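J.: using only what follows, build the 3D model:
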Amino acid sequence: MKKLVAYITSSYPENSFTIDLASSLAEAGADYLELGIPFSDPVADGPVIEAANLKALQNGFKIDDLFSISKEIAPIINTLWMGYFNPFYHKGIENFITKAKEFGLKGFIIPDLPHEEAIAYKALFNEANLALIDFVAPTDSNKRVEKIVQDAKEFIYMVAYAGITGSGKNEDLDELIKNVKQNSSTPLFIGFGVNTKNAKEKVKNVDGVIVGSEFVKVLLQDNLNYTQKIQEIASKAKEIKEKINS
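T.: Residues are numbered from 1 along each chain as shown. Have a look, this model is predicted:
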């Protein structure tokens, strides 16, 4: 069965909402939750996720909020922390790894930590039995892809195009997919620009999809109350899960 990874922004609008939403996403069929850590300069994210990041920070988000939320949701759904390297570096990557192991997380997604620099931290993650998710992109050479995927764990994150999330570009990924599959048996998931309309097409030849902006758009709709937001996002997740497996 093809997998769905759902990205949401931690603590927006508030902690209890994030916990309730995570539970509803699990019930709707999401296989993983990518819990975004609000950051002031989310360089890989488009305007939708950037807006949610800034609103969460304006609401007073603290790393302790992430920890309290994660403790509640990790037993419910396979959870990964998605964040930029700056907070991990300043607050100590070892501290985050210890907490992640304690809560039962699956791993970390750090989009601005290149593979060559991530190697220095891989031993820490391996010792804690946590994945540091590897990225591959259409701009990577075949040789570089081979190096990236050789020890990949949990899943490989294939960036659908060069740019930011949510912009919906299209690139020919056949050669990249073939190269990954030849060099790794780790599941390959596609992210960037996946939504309810294109998920079925995007998932061809890969093992799952990663969806973010499609869900976060709903978080930003001020005309909806909390219950309506959760219902709308869960409905989208259910639709995507059904489409990628039909």
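
J.: just give me the neighbour total for residue 205.
T.: 12 (other CB atoms under 10 Å). C-beta: built from backbone N, CA, C; applies to glycine.

J.: mind checking the SS state of it?
T.: Under DSSP: H, G, I helix; E, B strand; the rest coil, residue 205 falls in the coil class.

J.: going forward can the numbers begin at 28, since that is how I track them
T.: Let's use 28 as the start, then, which means that last one is residue 232.

J.: ramachandran angles for it?
T.: Dihedral pair for residue 232: phi 70, psi 0, per degrees, to the nearest 10.

J.: and the gap between the nearest residue to it once chain neighbours are set aside and residue 187?
T.: Excluding the flanking residues, the one nearest residue 232 by CB to CB, 6 or more residues apart in numbering is residue 204, at 5.2 Å. Distance of residue 204 to residue 187, computed by CB to CB, to the nearest Å: 11 Å.

J.: so how far is residue 229 from the residue nearest to residue 232?
T.: Distance from residue 204 to residue 229, by CB to CB: 11 Å.

J.: so if I had to pick from the two, which one is more boxed in?
T.: Between residue 204 and residue 229, counting by other CB under 10 Å, residue 229 is the more crowded of the two (26 against 17).

J.: any idea how far that one is from residue 215?
T.: 12 Å.

J.: go on, residue 64?
T.: From residue 64 to residue 215 the distance is 24 Å (CB to CB).

J.: next: residue 130.
T.: 26 Å.

J.: quick one: which of the two has more around it?
T.: Comparing residue 130 with residue 215 by neighbour count (other CB under 10 Å), the higher total belongs to residue 215, at 22 against 18.

J.: check that one and give its pLDDT.
T.: If you check residue 215, the pLDDT there is 98.

J.: next, the contact list for residue 184, please.
T.: 136, 160-163, 216, 218, 237 (CB atoms under 8 Å, 6 or more residues apart in numbering).

J.: of these, closest to residue 150?
T.: residue 161 (15.1 Å; CB to CB).

J.: and the closest one, bridged to which residues?
T.: residue 183 (DSSP bridges).

J.: for residue 106, same thing?
T.: With DSSP bridges as the rule, residue 106 is bridged to residue 60.

J.: touching, it and residue 97? I think so.
T.: Yes. The criterion here is CB atoms under 8 Å, and residue 106 meets it with residue 97 at 6.2 Å.

J.: quick check: neighbours shared by the two?
T.: Counting by CB under 8 Å, 6+ apart, the common neighbours of residue 106 and residue 97 are 62, 130, 132.

J.: what packs against the top helix by length along the chain?
T.: Criterion DSSP state H: the longest helix present in the chain is helix 253-271. Packing partners of helix 253-271 (3 or more CB pairs under 8 Å, 6 or more residues apart in numbering; DSSP states H and E): strand 30-36, helix 42-55, helix 226-229, strand 235-238, helix 240-246.

J.: want to throw the ones you listed into TSV with mean pLDDT and distance to residue 210?
T.: Converted to TSV, the helices and strands packed on helix 253-271 look like this (pLDDT from 0 to 100; distance: least, CB to CB, whole Å):
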stretch	mean pLDDT	distance to residue 210
strand 30-36	98	20
helix 42-55	98	31
helix 226-229	96	22
strand 235-238	98	18
helix 240-246	97	30
